[in-house]
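Undergrad: Fold the following.
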Amino acid sequence: MKQGIFEIKENKQIALNTYRLKLKGEGSNDLKPGQFVNIKLEPYFLRRPISICDVNDDVLTLIYKAVGDGTKTLSKMKEGSLDLLIGLGNGYDLSKSEGKPLLIGGGAGIPPLYFLAKQLRDQGKKVSVILGFNKKEEIFMEEDFKALGCKVIVTTADGSYGIKGFVSDAMKDMDYTYFYTCGPLPMLKAVYGLCRTEGEFSFEERMGCGFGACMGCSIKVKDGYKRVCKEGPVFERKEILWQE
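TA: Numbers count the residues shown, from 1 in each chain. From the prediction side, this is the model:
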């Protein structure tokens, strides 16, 4: 974990309630897919955790949804600097994906999969991506994944674009050797129920400190309790214990 001051280079709306934030600062090039940053926003006490979307020459890209007071405040910041904790969490393991990895993302869970897809493509792997949204106005990053050379399938719950339904509907006919997924809990449960290989799940959980000190984001797994912010947010399929 490192702390630094990052300069805002861009903060632009790219879809319904969705913004792309580009920040320049030292240490970005050491980050891994699946990790996250924690942003300090005045006057709020708790930092806001946001997954890493991309890193390029000390420019850090974050994509977030403006849904609460903190992220709505962030969406209005067009210049200045931000205090970040970076390099948080345990990221995806790229070595296990073999030849044909499948990436499955829903809504705000999509951005960290882009950084992952870029590195998997650099390894020469054939990457397929399923992106799930509620409606057409929410869609973002479809063209970004295509530009990497990924096969991209988009689903919308209302059928206004792509396949009508959910990511689970698009999974059934996919050919893959390993999978990575990130998104809301109902989506993760659906993926778990349908997956035919081993894979990795990135969980979203409310966090206090973001680096393992407060224990507030602990979840029960098969061998005990683990902190989403420290041992996670990425967990292997074989670790997961679903709780009703």
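Undergrad: Endpoints of stretch 225-242, how far apart?
TA: 13 Å (C-alpha to C-alpha, to the nearest Å).
Undergrad: in that stretch, what counts as buried?
TA: By 16 or more other C-beta atoms under 10 Å, the buried positions in stretch 225-242 come out as 226-235, 237, 240. C-beta coordinates here come from the backbone N, C-alpha and C atoms, glycine included.
Undergrad: dump the residue contacts of the closest residue to residue 83 other than its chain neighbours.
TA: Leaving aside its sequence neighbours, residue 83 sits nearest to residue 40 (C-beta to C-beta, 6 or more residues apart in numbering; 4.1 Å). Residue 40 makes contact with 47, 82-84, according to C-beta atoms under 8 Å, 6 or more residues apart in numbering.
Undergrad: Contacts for the longest strand along the chain, please.
TA: What stands out as the longest strand in the chain, according to DSSP state E, is strand 2-15. Contacts of strand 2-15 from elsewhere in the structure, counted by C-beta under 8 Å, 6+ apart, are 19-27, 30, 59-60, 63, 74-75, 77-87, 137-140.
Undergrad: and these, which are buried?
TA: 19-23, 25, 27, 59-60, 63, 74-75, 82, 84-87, 138-140.
Undergrad: where does residue 22 land in three-state SS?
TA: strand (DSSP: H, G, I helix; E, B strand; the rest coil).
Undergrad: residue contacts, it?
TA: Per C-beta under 8 Å, 6+ apart, neighbours of residue 22: 8-11, 59-62.
Undergrad: now with 10 Å?
TA: Residue 22 makes contact with 6-12, 53-54, 56, 59-62 under the criterion C-beta atoms under 10 Å, 6 or more residues apart in numbering.
Undergrad: what does residue 136 give?
TA: Counting by C-beta under 10 Å, 6+ apart, residue 136 has contacts 15-16, 154, 156, 158-162.
Undergrad: and stretch 134-154, average pLDDT?
TA: For stretch 134-154, mean pLDDT is 98.
Undergrad: residues in contact with the residue of the chain most remote from its centre?
TA: The centre of the chain is farthest from one residue, residue 43, which by C-alpha atoms, centre = their mean lies 25.8 Å away. By C-beta under 10 Å, 6+ apart, residue 43 lies in contact with 69, 73.
Undergrad: can you confirm it is in a helix?
TA: No. Under three-state DSSP, residue 43 sits outside any helix and is assigned coil.
Undergrad: Next one, pLDDT for it please.
TA: 93.
Undergrad: how much space is there between it and residue 143?
TA: Distance, residue 43 to residue 143, by C-beta to C-beta, to the nearest Å: 37 Å.
Undergrad: what does residue 155 give?
TA: 16 Å.
Undergrad: what's the answer for residue 112, then?
TA: 18 Å.
Undergrad: For the two, indicate the residue with more neighbours.
TA: Between residue 112 and residue 143, counted using other C-beta atoms under 10 Å, residue 112 has the larger neighbour count: 30 against 9.
Undergrad: Now do the same contact list for the residue nearest to the spatial centre of the chain.
TA: For the chain, residue 112 is the residue whose C-alpha lies nearest the centre (C-alpha atoms, centre = their mean; 3.2 Å). Counting by C-beta under 10 Å, 6+ apart, residue 112 makes contact with 33-36, 50-54, 62-63, 89, 91-92, 103, 105, 180, 182, 202, 233-234.
Undergrad: Is it correct that it falls within a helix?
TA: Yes. Residue 112: assigned to a helix according to three-state DSSP.
Undergrad: which residue sits closest to it in space, ignoring its chain neighbours?
TA: residue 51 (4.0 Å).
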